[in-house]
Every structure is written in structure tokens, then in C-alpha cells.
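>>> Here's a sequence, model it:
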Amino acid sequence: MDDKQLFEQTLSAKLKEWQEKFAELESQAEKVSDQNQIEFYRQLDLLDAKIDLVQQRLAQLQSAKKGPAIDAIKANIDGIGTEIENAIDSAWAKLT
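Numbering: from 1, shown residues only. Got it, this is the predicted structure:
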């Protein structure tokens, strides 16, 4: 398995984890205080959009040839992944 395939496999697993966390956050939304609900749902919308964006980048990566294009896509995915992790943490904080 080459680096690209390993990255794709790891990313696919991460996407599944993020989708599960998103679904759990969505199911817990009623626990958010009234004053935080608008912000919470806004965060969920942004989180959903970022997860969709990573799915699109994964599709681009799968069809990309070796070279600089792959490195650029990976870097973009890594940045979005960090944003997703931060958004998940922030949303969980609103539940407690």
C-alpha cells in the first residue's frame, strides 16, 4: 500500500468517525440551553459543510495522479480536518 492509499484509507475512517460524532451531536441538540441553541445549530451547519468538503476532497484525491496535486489536496484536507476537530470539541463544550 502506497502513501496515497494509506492516506485515503485513514481519511475514510476519520470521515466515518466525524459523521458519527456529528450525528451524536445532532441528537443531543435539545440539551443545549436556549441562549446557545442558535450558535449550536450554526456550528452544526458549518461542521456538516466541512465534512462534505472533506468528502469532495477525498474524491479529488482518489482521482488525482501522483505529484504536487496530491500534496496540495492532502494539505487542504489536513487543514479542514483540524477545523472539524475543533468544531466538534466546541460543540461538545456547549452540551456540558
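>>> Phi and psi next, for residue 32.
Here the main-chain torsion angles of residue 32 (degrees, to the nearest 10) amount to phi -70, psi 140.
>>> So that it lines up with my notes, have the first residue be 412 from now on.
OK, 412 is where the count begins now, so the last one is residue 443.
>>> burial of the nearest residue to it once chain neighbours are set aside, as a residue count?
Of all residues not flanking residue 443 in the chain, residue 451 sits nearest, at 4.5 Å (CB to CB, 6 or more residues apart in numbering). Where you see a C-beta, it was placed from the backbone N, CA and C, and this is true even at glycine. Each residue near residue 451 was counted by other CB atoms under 10 Å, and the total is 19.
>>> residues in contact with residue 451?
Taking CB atoms under 8 Å, 6 or more residues apart in numbering, we find residue 451 in contact with 440, 443, 502, 505.
>>> And for residue 472?
For residue 472, the contacting residues are 415, 418, 419, 422, 481, 484, 485, 488, by CB under 8 Å, 6+ apart.
>>> picking that back up, narrow the contacts of residue 451 to those that are buried.
Neighbour-count burial (16 or more other CB atoms under 10 Å) is assigned, among those, to 443, 502, 505.
>>> Show me which of the residues you listed has the smallest pLDDT value.
pLDDT across these is lowest for residue 505, at 83.
>>> What's the separation between it and residue 417?
Per CB to CB, to the nearest Å, residue 505 is found 35 Å from residue 417.
>>> likewise residue 459?
Using CB to CB, one gets 27 Å for the distance from residue 459 to residue 417.
>>> Who has more neighbours out of these two?
residue 459 (16 against 10).
>>> ok, for the more buried one, nearest residue in space, not its chain neighbours?
Distances taken as CB to CB, 6+ apart place residue 433 nearest to residue 459, at 6.4 Å, with adjacent residues excluded.
>>> hang on, isn't residue 475 packed against residue 482?
No: look at residue 475 against residue 482 with CB atoms under 8 Å: they stay out of range, at 9.7 Å.
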